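K.L.:
using only what follows, build the 3D model:
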Amino acid sequence: MITNFNGNENKKVLISFDSFKDCLSSFEIGKCVDKSLKEKYSSYNIGGHEKQIETEILKISDGGEALLECLESSLGLKLVEIDTKEHSIIGPLGTQIEKPFVHYAVNEHEKYAVIEMAEVSGIQLVPTSKRNPFNTTTYGTGQLIKHAIEIGGYKTIYIGAGGSATNDAGLGALQSLDVIDIIYNDNNENNNNNNNNNNNILFGKDLNKIKEIKIKNKFKDVLFYFLTDVRNPMIGEKGAVYSFSEQKGAKTKEDKEILEKGMINVLNHLPVDISKIEGSGAAGGLPSSFLSIFNESTQIINGMDFVCKSYGLDEKFQSNQIKLIITGEGCFDETTLDGKVVSKMYYYSKTFNIKLLIICGKNNLLQSSSSSSSSNSFPNDSNIQIYDLVSQFGIENSLNNTKYCIETLFKQNENLTMFLNKTILS
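P.N.:
Residues are numbered from 1 along each chain as shown. Prediction:
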């Protein structure tokens, strides 16, 4: 057993990142930070004792991208593989998924399935030039859910609602589940005949055309749990459209107004008003229609809390096993504080008085906090250090050479070195 200078068991550095979208996955960043840290402190001496730094990298997700990989690691879930040559699975643009296999995960003992909507409806599947929430659908997410229910026989479904390219209020998913029929204002009824023809798939642009949503009595014995990192409602100033559609390709104020009008139109045709429920705006409103139609059997769960519980993180911190937390995400802004990875790591840092190092691609939080009276400002705390890559290496380098930027930060930044020396060597 490695001991530190006071004879206690050596504490670990916990490395837990959100993904840097369009750059690196959370685990890739974690490995890069781990490598940089160990090169910097390959060995060190305290009180005459030679030490080696101990780290733990968490495969982490708050409900979005990498959820399956994360829970496969923490809970030992089994992956179910679907051959896309045998089963035509629809991607976010309404075309067949090109990768040979898609997956969901199951716990065969406790009989539940986990769907990662980003697996088939995620923004990473859409080239930047084609990102447009008017032209995307959650149809493929519904196909995975349907496979888990009808072929797998699972009646409890956890759905990771994050990392989406979509803004269709979940109607595309419900359509592929054959739960709804949609009648449009031009009187063309979409009967969802499952032929996967583009003409029968609902997209974000279709929400304003809806005249009626006919609901079928199906899957009433299934429980749906949505794992999400946000608390945003379906509509409104902090709803799905105004909070997230821009990053999905809604470029203008008019785009957002049209999308919001479509969401309101959907709400007017749903049986239960769920517009103000926290989290209903996640993943372009994916949970919203489920909440309304399967009202009593649908629930929104904080994805970060679910994942942390799966790793037993509370117990790790309570038993004083961690001396430093290193975390971060691509864009550090006000949404960072709404249940995402960084906010959870900050909670642990504050609760257990542990130093926190945050590395982000771009730091927008200070700018947004100084220009508004928002309460969502990150506190000034001597235990916390924040470093963003863009301000030090430029946006092009930060996007295209992210690993190099992180490695260089650890090698050359004097303030970071002082912070790490004080934390690790004392």
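K.L.:
what about the most centrally placed residue in the chain, distance to Asp273?
P.N.:
Nearest residue to the geometric centre of the chain (CA atoms, centre = their mean): Gly64, 2.5 Å. Look at Gly64 and Asp273: by CB to CB, to the nearest Å, they are 27 Å apart. C-beta: built from backbone N, CA, C; applies to glycine.
K.L.:
remind me which residues of the chain are low pLDDT?
P.N.:
1-10, 43-50, 187-199, 338-339, 366-379 (pLDDT under 70).
K.L.:
repeat that for 50
P.N.:
Applying pLDDT under 50 to the chain picks out residues 1-9, 191-197, 367-376.
K.L.:
show me what contacts Lys12?
P.N.:
54-56, 321-323 (CB atoms under 8 Å, 6 or more residues apart in numbering).
K.L.:
could you give the bridge partners of it?
P.N.:
Ile322 (DSSP bridges).
K.L.:
likewise Tyr112?
P.N.:
Asn107.
K.L.:
residues near it, how many?
P.N.:
18 (other CB atoms under 10 Å).
K.L.:
just Glu396 next, same as before
P.N.:
9.
K.L.:
how close does it sit to Asn363?
P.N.:
17 Å.
K.L.:
would you mark the buried spots in stretch 292-309?
P.N.:
292-294, 297-298, 300-308 (16 or more other CB atoms under 10 Å).
K.L.:
of all the residues you listed, which comes closest to Lys216?
P.N.:
Set against Lys216, the nearest of the buried residues of stretch 292-309 by CB to CB is Ile293 (9.5 Å).
K.L.:
which residues touch the closest residue to that closest one other than its chain neighbours?
P.N.:
Sequence neighbours aside, Ile215 is the residue nearest to Ile293 in space, at 5.7 Å (criterion: CB to CB, 6 or more residues apart in numbering). Ile215 makes contacts with 179-180, 271, 293, as judged by CB under 8 Å, 6+ apart.
K.L.:
try it again with 10 Å
P.N.:
Residues near Ile215 by CB atoms under 10 Å, 6 or more residues apart in numbering: 174, 179-181, 269-271, 289, 292-294.
K.L.:
give me the ChimeraX select line for these, limited to the buried ones.
P.N.:
Buried residues among the contacts of Ile215 (16+ other CB under 10 Å), as a ChimeraX selection:
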select :174,179,180,269,270,289,292,293,294
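K.L.:
need the contacts of Ile215 in CSV with distance to Ile235, can you?
P.N.:
Shown next, in CSV, are the contacts of Ile215 (distance: CB to CB, whole Å):
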residue, distance to Ile235
Leu174, 18
Val179, 21
Ile180, 19
Asp181, 23
His269, 14
Leu270, 12
Pro271, 16
Ser289, 13
Ser292, 13
Ile293, 17
Phe294, 20
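K.L.:
now, which of the contacts of Ile215 sits nearest Ser245?
P.N.:
Checking these one by one against Ser245 (CB to CB), the nearest turns out to be Ser289, at 17.2 Å.
K.L.:
wait, what's in contact with that closest one?
P.N.:
138, 168-175, 179-180, 213, 215, 234, 266-267, 269-271, 274, 280, 298.
K.L.:
hmm, Glu329 is touching Tyr346, no?
P.N.:
No. The criterion here is CB atoms under 10 Å, and Glu329 misses it with Tyr346 at 11.9 Å.
K.L.:
neighbour count for these two, which is higher?
P.N.:
Glu329 (25 against 22).
K.L.:
what about that one, distance to Met345?
P.N.:
Distance, Glu329 to Met345, by CB to CB: 10 Å.
K.L.:
how about Phe17?
P.N.:
9 Å.
K.L.:
overlap in contacts of the two?
P.N.:
Common neighbours of Phe17 and Met345 (CB under 10 Å, 6+ apart) are 58, 60, 326-328, 358.
K.L.:
nearest to Gln143 among those?
P.N.:
So of the shared contacts of Phe17 and Met345, ranked by how close each gets to Gln143 (CB to CB), first place is Ile60, at 26.6 Å.
K.L.:
shouldn't the closest one be in contact with Ile325?
P.N.:
No. The criterion here is CB under 10 Å, and Ile60 misses it with Ile325 at 11.6 Å.
K.L.:
now do the shared contacts for the two.
P.N.:
Contacts common to Ile60 and Ile325, judged by CB under 10 Å, 6+ apart, are 15-16, 344-345.
K.L.:
out of the residues you listed, which are inside helices?
P.N.:
Those of the shared contacts of Ile60 and Ile325 mapping onto helices are 344-345, per DSSP state H.
K.L.:
now, the most widely separated pair of the shared contacts of Ile60 and Ile325?
P.N.:
Among the shared contacts of Ile60 and Ile325, Ile15 and Lys344 lie farthest apart (CB to CB), at 13.8 Å.
K.L.:
packing partners of the helix or strand containing Ile326?
P.N.:
Per DSSP states H and E, Ile326 falls inside strand 322-328. Contacts defined by 3 or more CB pairs under 10 Å, 6 or more residues apart in numbering; DSSP states H and E place strand 322-328 against strand 12-17, helix 26-40, strand 55-57, helix 313-318, helix 341-352, strand 355-360, strand 384-388, helix 414-424.
K.L.:
TSV for these, including distance to Ser88?
P.N.:
Below are the helices and strands packed on strand 322-328 laid out as TSV (distance: least, CB to CB, whole Å):
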stretch	distance to Ser88
strand 12-17	34
helix 26-40	30
strand 55-57	36
helix 313-318	39
helix 341-352	34
strand 355-360	39
strand 384-388	42
helix 414-424	49
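K.L.:
Lys85: which of those is closest?
P.N.:
helix 26-40 (28.4 Å).
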